[in-house]
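Engineer: build the 3D model from these lines:
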Amino acid sequence: MKKLFATSLVAMGLAAAFPAAHAQTADPAAAPAGRPMMQRHQDRAFKPGDRVEARLAYIRTALKITPAQQPQWDAFANVHRKHAAAMEQRMQERRAQFDKEKGATERRRPTAIERHEFQRARLTVATQHLDELLAVEKPLYAVLSPEQQRVADEVLAPRGRDGRAGHGGHGGPGRFHRASFERG
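Structural biologist: Numbering: from 1, shown residues only. Have a look, this model is predicted:
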């Protein structure tokens, strides 16, 4: 009974809030004239470079980088900036491709072979990026104090909620669990 009551209250709250929220977004004066919603969203969204700069600032603060460690830090940060610029370029290319295909009446679905080739290309780029990152991360890690290394272990390779390495806890192929490293 309590569950039904709570569900009813939530539903009534949502029903009451929807017309007000819809009225705010439906106001033509609120949206810039002549700009599609997708373009407005892209303008507001964080760019990869913005996200990387914010993350680098966080990592630098957490590690308490000293002037002696600055050259290794700069190399590390520049690799991350390079990767963010490449991601931004790929995003712009995808947007241009999407805009080009938008006029077509029917979009062709990629074949299984095309999807596998795309996945292979994506994994190749990811491997290259990881190799570049390791090339600058190892010297940075080597000049860190033991306390900084403990912090680096947490902030340089964040783990998801389930303890797996990677972003957001998505444990797909190629992701490693901490226990696999401890076993050797």
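
Engineer: pLDDT wise, what is Pro158 at?
Structural biologist: Pro158 carries a pLDDT value of 65.

Engineer: please read the previous query as pertaining to Glu93.
Structural biologist: Note on Glu93: pLDDT of 87.

Engineer: residue ranges with poor pLDDT in the chain?
Structural biologist: Counting by pLDDT under 70, the low-confidence segments of the chain come to 1-45, 103-106, 158-184.

Engineer: who's in contact with Ile59?
Structural biologist: Applying CB atoms under 8 Å, 6 or more residues apart in numbering, we find Ile59 in contact with 155-156. The way it works is simple: take the backbone N, C-alpha and C, and place the C-beta from them, glycine included.

Engineer: against Ala152, how distant is it?
Structural biologist: According to CB to CB, to the nearest Å, Ile59 stands 8 Å off from Ala152.

Engineer: same check, this time on Arg95
Structural biologist: In terms of CB to CB, Arg95 sits 35 Å off from Ala152.

Engineer: more neighbours: those two, which one.
Structural biologist: Higher neighbour count among Arg95 and Ala152: Ala152, with 17 against 13, using other CB atoms under 10 Å.

Engineer: which residues touch that one?
Structural biologist: Ala152 makes contacts with 63, 140-141, 144, as judged by CB under 8 Å, 6+ apart.

Engineer: spatially, which two of those are the most separated?
Structural biologist: Leu63 and Tyr141 (10.1 Å; CB to CB).

Engineer: neighbour count winner among these two?
Structural biologist: When Leu63 and Tyr141 are compared for neighbours, Leu63 comes out ahead with 20 against 16, by other CB under 10 Å.
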